[in-house]
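> quick one, what's the 3D model for this:
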Amino acid sequence: MTLDKMEKLSLEQTVSRSALVELEGVVLIEPVHRTFDQVQKFKARPDDLLIATYAKAGTTWTQEIVDMIQQNGDVEKCRRDTTCKRHPFLEWSFQNPPSARYSGLELAEAMPSPRTIKTHLPVQLVPPSFWEQNCKVIYVARNAKDNLVSYYHFHRMNKGMPEPGTWDEFVEKFMNGKVLWGSWYDHVKGWWKAKDKHHILYLFYEDMKENPKQEIQKIVKFLDKDINEEVLNKIVYNTSFEIMKENPMANYTKDFEGIMDHSISPFMRKGAVGDWKNYFTVAQNEKFDEDYKKKMADTSLVFRMEL
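Model (predicted):
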């Protein structure tokens with residue numbers, strides 16, 4: 001057996017998928033749950049920017065856009081480190097294997113201001129200091145069906161996530177909110193409601209795909225930045241899916257080695273709108289639509305399932 005194979009084998013033995021734990025009705029994985037009290041006590045600073053999303057809703061994309069704006073379109077500066085080191089993933093904590101050890105909390109606490117921080121927490125679990133300091137938040141929401149498909153593939157390739165089970169099983173878990181970070185429905189609705197009383201820019205993944213320039217301009221304005229047309233076009237180009245997919249500082253090929261297996265499914269897979277049609281059966285789609293209608297009846301929030 002080659003050394004490579006032995007290393008791979010020993011990693012497979014040491015990285016066991018995390019157990020799920022419920023906290024206030026929200027599903028978390030055990031390592032995140034373990035450090036949650038510390039996360040709650042996190043001290044936000046007034047100039048912190050929080051990027052919040054449900055997992056696989058365009059988080060890395062938004063992080064890259066924000067960084068490009070902050071660095072005035074300087075591509076080299078945006079490649080100073082990987083995404084999760086530039087923008088600490090607040091609640092994410094992982095000790096094993098040591099090569100993939102990560103504590104977003106420690107990273108954030110050690111970082112000089114101004115900080116950009118990422119979270120997948122539903123609004124009610126966000127550390128209170130963010131509201132106390134009146135921090136700016138950018139929230140991105142993606143339609144439920146595409147979000148589900150992307151999340152399923154992410155579970156398949158990421159050993160830090162719970163076992164997804166079959167596609168059928170995962171659809172059921174997603175509909176019932178029994179997946180990591182809880183119910184998609186509660187997540188998008190909770191943040192939608194919160195935007196009326198906090199400093200939140202609420203964006204839609206579908207709008208970003210359809211007209212990236214327009215949505216990037218919204219972010220520029222929200223951040224009180226001023227950039228010229230040339231820099232804006234540069235940001236649009238460098239944050240396109242095709243360019244980011246090849247960028248090792250954004251495509252997660254340099255982080256969480258032994259945890260993410262890009263041969264099963266790349267971290268940046270398709271980035272498309274409407275890909276759900278390749279996965280949902282007619283029966284699944286009908287069942288999902290009926291359930292969706294009930295769960296979204298109490299909100300003014302509207303999503304586009306295709307462009």
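
> sec struct for Lys270, please.
Here Lys270 takes the coil state, with states given by DSSP: H, G, I helix; E, B strand; the rest coil.

> now do the contacts for it.
Ser150 (Cβ atoms under 8 Å, 6 or more residues apart in numbering). Placement of C-beta: from N, CA and C, glycine included.

> if we use 10 Å, what do you get?
146, 149-150, 153, 241, 245, 278 (Cβ atoms under 10 Å, 6 or more residues apart in numbering).

> any idea how far it lies from Met208?
15 Å (Cβ to Cβ, to the nearest Å).

> can you check Tyr237 too?
15 Å.

> quick one, which of those two is more surrounded?
With neighbours defined as other Cβ atoms under 10 Å, Tyr237 and Met208 compare such that Met208 has more, 24 against 14.

> just give the closest residue to that one, not the sequence neighbours.
Nearest residue to Met208, sequence neighbours excluded (Cβ to Cβ, 6 or more residues apart in numbering): Glu215, at 4.5 Å.

> one more: Ser183?
Gly177 is the one closest to Ser183 (Cβ to Cβ, 6+ apart), at 3.0 Å.

> what does Leu23 give?
His33 (6.0 Å).

> what helix or strand is Leu107 on?
helix 104-110 (DSSP states H and E).

> quick one: buried residues of that helix?
104-105, 107-108 (16 or more other Cβ atoms under 10 Å).

> can you name the two of those residues that sit furthest apart?
Spatial extent of these (Cβ to Cβ) is set by the pair Leu105 and Leu107 at 7.2 Å.

> what touches both of those two?
By Cβ under 10 Å, 6+ apart, Leu105 and Leu107 have these common neighbours: 88-90, 92, 117.

> where does the prediction get shaky in this structure?
1-15, 96-97, 99-100, 246-269 (pLDDT under 70).

> all strands of the stretch 151-300 of the chain, in order?
200-204 (DSSP state E, counting those that start in this stretch).

> what's the span of stretch 298-307 from first residue to last?
24 Å (Cα to Cα, to the nearest Å).

> what about it, distance to the chain center?
Relative to the chain's own centre, stretch 298-307 is displaced by 19 Å; criterion: Cα atoms, centre = their mean, to the nearest Å.

> what do you get for stretch 274-288?
With Cα atoms, centre = their mean, you get 23 Å for stretch 274-288.

> can you give me the end-to-end span of that stretch?
First-to-last residue span, stretch 274-288, Cα to Cα: 15 Å.

> for it, which outside residues touch it?
143-150, 152-153, 167-168, 171-172, 174-175, 206, 209, 269-270, 272, 289, 304-307.

> please point out which parts of it sit buried.
In stretch 274-288, counting by 16+ other Cβ under 10 Å, buried: 275-276, 279-280, 284-285, 288.

> ok, back up a step: widest-spaced pair of the contacts of Lys270?
Lys245 and Asn278 (18.7 Å).

> output the one helix or strand Ile69 maps to as CSV - backbone C-alpha positions only.
Using DSSP H and E, the element containing Ile69 is helix 59-70. As requested, the backbone C-alpha atoms of helix 59-70 are provided in CSV (Å, rounded to 0.1, in the frame of the first residue of the first chain):
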residue,chain,number,x,y,z
THR,A,59,-22.0,32.7,1.0
THR,A,60,-18.5,32.4,-0.5
TRP,A,61,-19.6,34.4,-3.5
THR,A,62,-20.9,37.2,-1.3
GLN,A,63,-17.7,37.1,0.8
GLU,A,64,-15.6,37.5,-2.4
ILE,A,65,-17.7,40.4,-3.6
VAL,A,66,-17.4,42.2,-0.3
ASP,A,67,-13.7,41.6,-0.1
MET,A,68,-13.2,42.9,-3.7
ILE,A,69,-15.2,46.0,-2.8
GLN,A,70,-13.2,46.5,0.4
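
> now Leu223: closest residue in space, sequence neighbours ignored.
Distances taken as Cβ to Cβ, 6+ apart place Ile69 nearest to Leu223, at 6.1 Å, with adjacent residues excluded.

> which ones are touching that neighbour?
216, 219-220, 222-223, 225, 227, 231-232, 235, 239.
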